[in-house]
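> Give the three-dimensional model of this entry:
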Amino acid sequence: MKAVKRLLWWILVGSSGGINRGRILNLILEKPCNANELSIVLKLDYKTVRHHLEVLQKNHLIISSIGDYGKVYFPSSMLEENTELFKEIINKIGKK
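Numbering: from 1, shown residues only. Next comes the predicted model:
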């Protein structure tokens, strides 16, 4: 659990773009989305969303469907198992 907590803090607070990564994870936890849907809903550039998705996937927080076109992103089992921890961190950083 400590490793997951450190990872979430680094992804959301300790690196550039953490706020947007948090917004992306929140949406994916609500419902699986593709990059285009995320960019529209979050009003972010498509390339920015793709970058954050790559970071989140490399760190095992999300998984994706097979293929490139219309790839759908889902929360990983690690994120699902630590949703409360994720929300706790989001709430703490949102109050700053």
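> ok, the residue positioned nearest the centre of the chain - contacts?
By CA atoms, centre = their mean, the chain has its centre lying nearest to residue 25, at 3.1 Å. Applying CB atoms under 8 Å, 6 or more residues apart in numbering, we find residue 25 in contact with 56, 61, 62, 75, 79, 86. Placement of C-beta: from N, CA and C, glycine included.
> separation between it and residue 69?
From residue 25 across to residue 69, the span is 23 Å (CB to CB, to the nearest Å).
> Next: residue 29.
According to CB to CB, residue 29 stands 24 Å off from residue 69.
> ranges for the strands of the chain?
Under the criterion DSSP state E, the chain carries strands at the ranges 33-34, 62-64, 72-75.
> Pipe those into TSV and attach mean neighbour count and mean pLDDT per row.
Below are the strands of the chain laid out as TSV (neighbours: other CB atoms under 10 Å; pLDDT from 0 to 100):
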stretch	mean neighbour count	mean pLDDT
strand 33-34	18	95
strand 62-64	19	96
strand 72-75	19	97
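> Same list, those, but as TSV with distance to residue 11 please.
Formatted as TSV, the strands of the chain follow (distance: least, CB to CB, whole Å):
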stretch	distance to residue 11
strand 33-34	18
strand 62-64	11
strand 72-75	13
